[in-house]
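**Student:** here's my sequence, what's the structure:
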Amino acid sequence: MFNAGDEVGLFKRLGFNAVFYGEVLSGNTMPNLMYMTTFENQASRDEHWKAFGEDPQWKKLVSMPEYQHNVSKNVTLFFRPTKYSDI
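**Tutor:** The predicted model follows:
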């Protein structure tokens with residue numbers, strides 16, 4: 001779904017400002033995808049995720065039989081850059 005369904009393209013089109021996308025290679029939470037995106041503030045982040053959830057491309061992906069029950073858990077963490085950060 002992430003690769004073949006072009007979620008990366010969807011994130012890009014919706015302006016998610018990706019820092020990285022990654023697939024977890026080991027650990028007790030596999031299978032697992034991880035990505036970091038940046039937003040100006042919490043309101044912007046919330047607006048972007050709302051647009052993502054309502055996007056026709058996303059709705060089509062999650063309705064496809066091969067992707068049913070694909071997402072079982074979402075863990076969201078918020079970070080603030082340090083003064084010396086390039087972000």
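**Student:** just the pLDDT at Phe11, thanks.
**Tutor:** pLDDT for Phe11: 92.
**Student:** got the contact list for Met34?
**Tutor:** By Cβ atoms under 8 Å, 6 or more residues apart in numbering, Met34 lies in contact with Tyr21, Gly22, Glu23, Val24. No exception for glycine: its C-beta is placed from N, CA and C like everyone else's.
**Student:** from memory the last one sits against Asn32, does it?
**Tutor:** Read that as Val24. Yes - under the criterion of Cβ atoms under 8 Å, Val24 makes contact with Asn32 at 3.9 Å.
**Student:** ok, those two, which is more surrounded?
**Tutor:** Set Val24 next to Asn32 and count neighbours by other Cβ atoms under 10 Å: Asn32 wins out with 15 against 11.
**Student:** let's verify the most centrally placed residue in the chain: helix, strand, or coil?
**Tutor:** Nearest to the mean C-alpha position of the chain, by Cα atoms, centre = their mean, lies Tyr35 at 5.8 Å. Here Tyr35 is recorded as strand under DSSP: H, G, I helix; E, B strand; the rest coil.
**Student:** look up phi and psi at the residue lying closest to it once chain neighbours are set aside.
**Tutor:** In space, Tyr35 comes closest to Tyr21 once its chain neighbours are excluded; the distance is 4.5 Å by Cβ to Cβ, 6 or more residues apart in numbering. Dihedral angles of Tyr21 (phi, psi; degrees, to the nearest 10) stand at phi -130, psi 140.
**Student:** surely Tyr21 meets Leu33?
**Tutor:** Yes - applying Cβ under 8 Å, one finds Tyr21 in contact with Leu33, separated by 7.4 Å.
**Student:** common neighbours of those two, please.
**Tutor:** Common contacts of Tyr21 and Leu33 (Cβ under 8 Å, 6+ apart): Phe2.
**Student:** per-residue pLDDT, the residue nearest to the centre of the chain?
**Tutor:** For Tyr35, the model assigns a pLDDT of 88.
**Student:** cool, the one 4 residues further on as well?
**Tutor:** For Phe39, the model assigns a pLDDT of 91.
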